[in-house]
Every structure is written in structure tokens, then in C-alpha cells.
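1. Sequence first, then the predicted structure:
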Amino acid sequence: MPLHPIRARLAAAALLAAAGLVASGTTSAGAAPTAAAPDIPVASVKAHLARFQSIATANGGNRAHGRPGYKASLDYVKGKLDAAGFTTAVKQFTSGGATGYNLIADWPGGDTNQVVMAGAHLDSVTAGPGINDNGSGSAAVLETALAVSRAQLKPAKHLRFAWWGAEELGMVGSRNYVNSLATGDRSKISGYLNFDMIGSPNPGYFVYDDDPALEKVFKDYFTGLGIPTEIETEGDGRSDHAPFKSAGIPVGGLFSGADYKKTAAQAAAWGGTAGKPFDACYHSSCDKASNIDDTALDHNSDAIAHAVWELAAS
Ligand code: TRP
Ligand code: CA
Ligand code: ZN
């Protein structure tokens, strides 16, 4: 005789928990156990990067604000999210006489008074295709969002993903978004996580230290992998978390390094080449599909999923 459906579900949950496939903690009596974050397939993240590269190649070699490669990148990301069940919105702004676009994707459900956001800038500089800066963050955030859909996650908090325009012109898109929020809506964002350059070819593992709780989520993840991290010290002004932080919203994020040179101590800790920049192709035409360290991209993508799952559950 078949098990009653609810009993079958409970039995399955117990088996998964016993097998260590899901976290054993439950939120309250009758609530479903909170599953651990899935592994993000780096091949899928790289497939998005290959698409960004083709888009740049077909559009004059870049994906910059005001150029056709930007909007084509946005249409690609939006199409994936729409097909996966996200509620998407394209928000326009003007900068330097050209129309810019942010893409906002909400995962239906969760407490909309407690919003966990993750985002990345989708524009490149005009000099090149911008695959590490910042196809890498854009692709990893996209694949994390698609993993939320595959898991049909039912988070306690509301999840929102964002792809920003015109970061390279001075964080124009993200500032526009934060400024457009009513004061009441700003206070509903419990945290914003930023990912700008996470597959640098001579990588470092830098964690933003702006908020201790958000910093800890990432640090603990890398400790579990046995990878030492350093605090991201290039300053608060350099990416899309800055407008959120200025508005009093807790921020966190990851960074694998740009034009600064890797020190001997860092090369001893992380491998790679001392005395060479983390990304020698930063803001150059050679920031193309080959300008990625797959291992760094993989670890950072998995760390994003870990943070999103953990922060949205609690
Ligand atoms: N935002 C820079 C860019 O897009 C990249 C960058 C340099 C950065 N240093 C940083 C991002 C420190 C985050 C933290 O060109
Ligand atoms: Ca992975
Ligand atoms: Zn960038």
C-alpha cells in the first residue's frame, strides 16, 4: 500500500537529513527543513560568460553603457530569468546622454519586509568585452538565481537579484536604484551582496568587511574550503555596494582582484604569480573569455549560493 503523501514527504525528508543531504534544522514545527545550498556548476557560469563574449564580439567588441552590447547582455540575462519564473523589471535611467538599464529580478515569496539582495554590474568598459569585469559577477549571480528556481526555494526572506548598468561611469545604475527607493523600502533591505570581478586570472580571495555578519558568512565558507581570505581594502567607493552602504544598508561581497599586484605572501597563500596583477587585463581589450581562473570562479560562485541560501533562510 502506498504511503500517505504527507507521510511519504516526511519519510523522504528524514532520509535526506539522515544522509546529510539537507541541513537537519527546522524553522518551526511542521516547517520544511532548510536545504543546504547546491553546488553551482561552473560550466554553467562559463556558458553565460561565453554568451557575453559572443555578444561583445557581435557588437563592436564591448558591452558598455549606451552601446548595443549592453542591452543585448541584459536581454540575455532577462530571458533566462523570465523562463525560470522570476518577476523581472527593467529600470531605465539616463547617463551621458544615453539610456541605461538596471535589471531587477524578484523571486516570488518570502517576507518582503526583509529583502536579501545580490547584484553585479553588467556593463563593461568600452575598451573590451568585460568578461572578468564584470561578466564574472553577472554570470555567477545569474546562475545562483537559476539555482534558486531549480530548487524552487521557499526562503523565509524575500530574494531579489540585480544587474546594474553604467557602473563603469561611476556606479550610476546602482545609485539611481537606491535613490529611487522610498525611505521605507530602503529599510526593508536587510543586506546587499555585491560581486564585481570574481574570476581574476591570478586570483586573490577578498571578502568585503563592511558588515561583520555578512563578512562572516563568506569567511566561514572559505574556511570550510581551506582557503585563506583577506579583507577587501581597495576602498568603499569602487563598486555598486557603495550607494547601498551610503544609504545605511548592510553590504557584503567578494572580489578576486584587479590591477593591484599579488604579493609574495599572497602567492604563497593562494598560488599564482607574485609581482603580477590579479588581473593584467583589467579594463583592457584582453578581458575576454580566456581571462578567467575557473577555480576562483567556481569557488566564488558556490560562495554566493551559500550566502544567499543562508541569509534568506534566517
Ligand atoms: N569596480 C571596479 C571596476 O568595475 C573594479 C574594482 C576595482 C573593484 N577595485 C575594486 C571592485 C574593489 C570591488 C572592490 O572597474
Ligand atoms: Ca561549483
Ligand atoms: Zn567592475
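-> Sure, I can see it. Numbers count the residues shown, from 1 in each chain. Ligands and ions are numbered 1, 2, ... in the order given.

2. Show me which residues of the stretch 1-150 of the chain sit near ligand 2.
-> Proximity of the stretch 1-150 of the chain to ligand 2 is confined to 39-40, 42 under the rule C-beta under 5 Å from the ion. All C-beta spots, glycine's among them, are computed from the backbone N, C-alpha and C.

3. Filter those residues down to just the buried residues.
-> Neighbour counting with 16 or more other C-beta atoms under 10 Å marks 40, 42 as buried within those.

4. surely residue 247 meets residue 178?
-> Yes - counting by C-beta atoms under 8 Å, residue 178 is a contact partner of residue 247 at 5.1 Å.

5. Looking at the two, which is more packed in?
-> Legend: neighbour count by other C-beta atoms under 10 Å for residue 247 and residue 178, higher for residue 178 (21 against 17).

6. Identify the residues contacting residue 276.
-> 202, 261-262 (C-beta atoms under 8 Å, 6 or more residues apart in numbering).

7. no no, residue 69
-> 55-56, 58-63, 124, 129.

8. which residues sit in contact with the residue of the stretch 1-150 of the chain found nearest ligand 1?
-> When scored by C-beta to the nearest ligand atom, the stretch 1-150 of the chain has residue 133 as its residue closest to ligand 1, at 5.0 Å. Applying C-beta under 8 Å, 6+ apart to residue 133 gives the contacts 124-125, 196-197, 258, 279, 282-283, 287.

9. What parts of the protein come near ligand 3?
-> So far as C-beta under 5 Å from the ion goes, the chain lies against ligand 3 at 133-134, 196.

10. ok, these vs residue 78, which is closest?
-> Closest approach to residue 78 among the residues of the chain next to ligand 3 (C-beta to C-beta): residue 134, at 16.9 Å.

11. How many neighbouring residues does that closest one have?
-> For residue 134, using other C-beta under 10 Å, the count is 31.

12. you'd agree it is in a helix?
-> Yes - using DSSP: H, G, I helix; E, B strand; the rest coil, the assignment for residue 134 is a helix.

13. Which pLDDT value belongs to the residue lying closest to residue 121 once chain neighbours are set aside?
-> Among residues not flanking residue 121 along the chain, residue 167 sits closest, at 3.3 Å (C-beta to C-beta, 6 or more residues apart in numbering). Residue 167 carries a pLDDT value of 98.

14. measure the spatially most central residue of the chain to residue 41 for me?
-> By C-alpha atoms, centre = their mean, the chain has its centre lying nearest to residue 141, at 3.4 Å. Using C-beta to C-beta, to the nearest Å, residue 141 is found at 15 Å from residue 41.

15. What of residue 189?
-> 29 Å.

16. Show me which of these two is the more surrounded one.
-> Each of residue 189 and residue 41 has its neighbours counted (other C-beta under 10 Å); residue 189 has more, 21 against 15.

17. Report pLDDT for the nearest residue to residue 97 once chain neighbours are set aside.
-> Nearest non-adjacent residue to residue 97, counting by C-beta to C-beta, 6+ apart: residue 66, 7.8 Å away. For residue 66, the pLDDT comes out at 98.

18. Repeat that for residue 237.
-> The model's pLDDT for residue 237 equals 76.

19. Check for me that it belongs to a strand.
-> No - Residue 237 is assigned helix when assessed by three-state DSSP, not a strand.

20. Strands of the stretch 151-300 of the chain, start to end?
-> In the stretch 151-300 of the chain, strands defined by DSSP state E, counting those that start in this stretch lie at 157-164, 189-195, 206-207, 230-231, 251-255, listed in chain order.
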